[in-house]
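Participant: A predicted structure for the sequence below; I have some questions about it.
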Amino acid sequence: MSEPKSASIFNDVLAPLTPGPSSSNTCGPYRIGKIASDLLGEKPERLEITMSTRGGFFSTFYGMGSDKAFIAGVLGKDLLSFDLESAYEEARAAGLETDFKFSDDIPSMPSEMVMITLSGSSFALHIRAVSLGGGDIIIDMVNGIETALDGRRDETVVLPSGKTLTAKCVYESPSPENPLVLFRNCKEMLDYAVKKGYSPWETAVKYEAALCGTTEEEVWNKAESVYDYAIRTIDAGFSPEVKFTGVTSPKAAKVKKDFTGGSLIPLGAADFGSPYALSVMEYSNSHGCIVCMPTGGSSGVIPTAIKSAADSMGWNHDTCIKALLAAGLIGVFYYPTHYTGALGCQAEIGVAVSMAAGGLASVLSTDVKTAERAAALGIQSLMGLICDPASGFVQTPCFIRNMTAVPTAFVCANAAVSGIDSLVSLDDMVQAVLNTGRSIKACGINDIGTCAFYKSK
């Protein structure tokens, strides 16, 4: 049996960089569509996608823009510059017919599985694919042939007819064929860091450089680039030009004014951090490009927690980068969850709080075990949290959860540094997320899905 995949901090955890609102509903579908278009190898003329009426897409497909993301991928558009709102218009201009439907005959699990037929003038491609969460995808069937295409490198499929299909890597950085993995779980990481005398951020740099075959300087520069990009989305979200459809409206600027105006209960650094988190989420919902940490639905937590703590504590820019690296390292160990709402919001907001708490604690104490304890306390605080977006939009309750996540991360970091015991290791907490996720309802408890939502309009 092959070893389980080891996650890259900047390919899997503090990633992807994508238009909001969701990594699994925006970036994942785009990547599937892009690979499908590559495999077709000719101008696409018709796109048919069938999904389960009991799966995750039924509640989120239109509200989170998955339909538009699939179209953008099939058309080969650049995800970061393409206006998703123009997707149908662009499809018509390109001569691409689209048909999205839901069926009781499609299994409900995996939650975001799609059956796709993409046709050109001389060839029809039939694929089965899954958006796994966090932007990860898998295509496990192509024209009746079992495959395992994940888009991490250039890939080829040879059909029984001898026809060869090829697809380009859809990740920013292709994954090496034989990566050097320094450790595979948190316990091994702790042993490694203690033996070497490395702080959490140094351990993160060593790990990522070895895994991806890059230099430590390149890892640091990437972390700086990611952090700076994420921080810019805070200001972008406060812009009066931010607009989005759904079940709520932009309020970040007013919330910031109220939280910092002295008329509400003071929250310290969270008086800034919580409005910052809302700002990022509102920008994400306007299809602004955000950094998923580890998902689009939790993208408001980690960068805003670090920035507001830094502003309050007087940390410099390099310290913020170190906190982000440490947070990314914590996220590596949650990779078996794929950070997917199919396991509940515990795998999105919960994991983000765990990562943020570990990152913040790594600044307050260079002891790697303290960071691990803070991360474990963070996930313990939100274990069992369900994913239940109203009408399929990442707005209610996702906005408020990002806001409350910031002070929760502060408390968990402080508690760990003050000596509060987590008692349960981070590795065991990851397994607990998986076990709990299998027994809780993913979404739709209070909603009948976006298909019904849109039909009512």
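Facilitator: Nice, thanks for sending it over.

Participant: make it CA atoms for all contacts and neighbour counts henceforth
Facilitator: Noted.

Participant: From the structure, what's the count of residues near V411?
Facilitator: By the other CA atoms under 10 Å criterion, the neighbourhood of V411 contains 15 residues.

Participant: Tell me which helix or strand comes right after the helix or strand where it lies.
Facilitator: V411 belongs to helix 398-417 when elements are defined using DSSP states H and E. Beyond helix 398-417 in the direction of the C-terminus, DSSP H and E gives the next helix or strand as helix 426-437.

Participant: Distance from that next one to the middle of the chain?
Facilitator: Mean C-alpha position of helix 426-437 versus that of the full chain (CA atoms, centre = their mean, to the nearest Å) differs by 18 Å.

Participant: G237 and C212, how far apart?
Facilitator: From G237 over to C212 the distance is 33 Å, taken as CA to CA, to the nearest Å.

Participant: who's more crowded, these two?
Facilitator: For G237 versus C212, the count of surrounding residues by other CA under 10 Å is larger for G237: 28 against 23.

Participant: Identify the residues contacting the more buried one.
Facilitator: With contacts taken as CA atoms under 8 Å, 6 or more residues apart in numbering, G237 has the following neighbours: A252, S279, V280, M281, E282, Y283, S284.

Participant: Kindly confirm my reading that the third one is in a helix.
Facilitator: Yes: under DSSP: H, G, I helix; E, B strand; the rest coil, V280 falls within a helix.

Participant: How about V181: what's its closest non-neighbour residue?
Facilitator: Across the structure, with CA to CA, 6 or more residues apart in numbering as the measure, the residue nearest V181 apart from its sequence neighbours is L211 (5.5 Å).

Participant: do the same with T98
Facilitator: Using CA to CA, 6+ apart and skipping residues adjacent in sequence, the residue nearest T98 is L47, 4.8 Å away.

Participant: Next, the angle from the helix or strand hosting L360 to helix 426-437.
Facilitator: Taking DSSP H and E as the criterion, the element that holds L360 is helix 349-364. Between the axes of helix 349-364 and helix 426-437, defined by axes from the mean of the first three to the mean of the last three CA atoms, to 10 degrees, the angle is 170 degrees.

Participant: Low-confidence stretches in this protein?
Facilitator: When residues are selected by pLDDT under 70, those of the chain lie in 1-4, 441-457.

Participant: dump the residue contacts of the most centrally placed residue in it.
Facilitator: Centroid-nearest residue in the chain, with CA atoms, centre = their mean: T295, separated by 2.0 Å. Contact partners of T295, counting by CA under 8 Å, 6+ apart, are A15, P16, S22, S23, S24, G133, G134, G135, Y339, E348.

Participant: and the two most separated of these?
Facilitator: The largest separation in the contacts of T295, counting by CA to CA, is between P16 and E348 at 14.0 Å.

Participant: Between those two, tell me which one has more neighbours.
Facilitator: E348 (30 against 27).
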